[in-house]
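1. Next come a sequence and a model predicted from it.
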Amino acid sequence: MSEKAKFLCSTPEKGNAYATLLFYEYRGREYMITKYDNGCGETLREQHLREQKRIDESLDNPQPPEPPSGNVERAMADFLAYMDAK
């Protein structure tokens, strides 16, 4: 991991007075980690490493998009019929 994450913003977590959501950008992708003010949960370092690893893997090993499932011709015909009815 040669790039550093760029801090974007933070916001308190709704319904949890002891947690703050922190938003970062890394390699052009955004991710969120949680800062726990009560000493519970994963450390910030652990969360950063997990999220950056996930981003690295998704960018370095892209998966081809899955083909649409179902009957594409039927879906297109239904869509066009819907548009004609308007």
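-> Cool, got the structure.

2. Mind checking what secondary structure the residue lying closest to Lys35 once chain neighbours are set aside has?
-> Excluding the flanking residues, the one nearest Lys35 by Cβ to Cβ, 6 or more residues apart in numbering is Thr20, at 4.5 Å. C-beta here means a position set from N, CA and C on the backbone, and glycine is covered the same way. Three-state assignment for Thr20 (DSSP: H, G, I helix; E, B strand; the rest coil): strand.

3. do the one 3 residues further on as well
-> What three-state DSSP gives for Phe23 is strand.

4. For it, which residues count as its bridge partners?
-> Applying DSSP bridges to Phe23 gives these bridge partners: Cys9, Met32.

5. Run through the residues that contact it.
-> 7-11, 30-32 (Cβ atoms under 8 Å, 6 or more residues apart in numbering).

6. tell me the contacts of the most centrally placed residue in the chain?
-> With distances taken as Cα atoms, centre = their mean, Tyr31 lies nearest the centre of the chain, 5.8 Å away. Neighbouring residues of Tyr31 by Cβ under 8 Å, 6+ apart: 5, 23-25, 51-52, 54-55.
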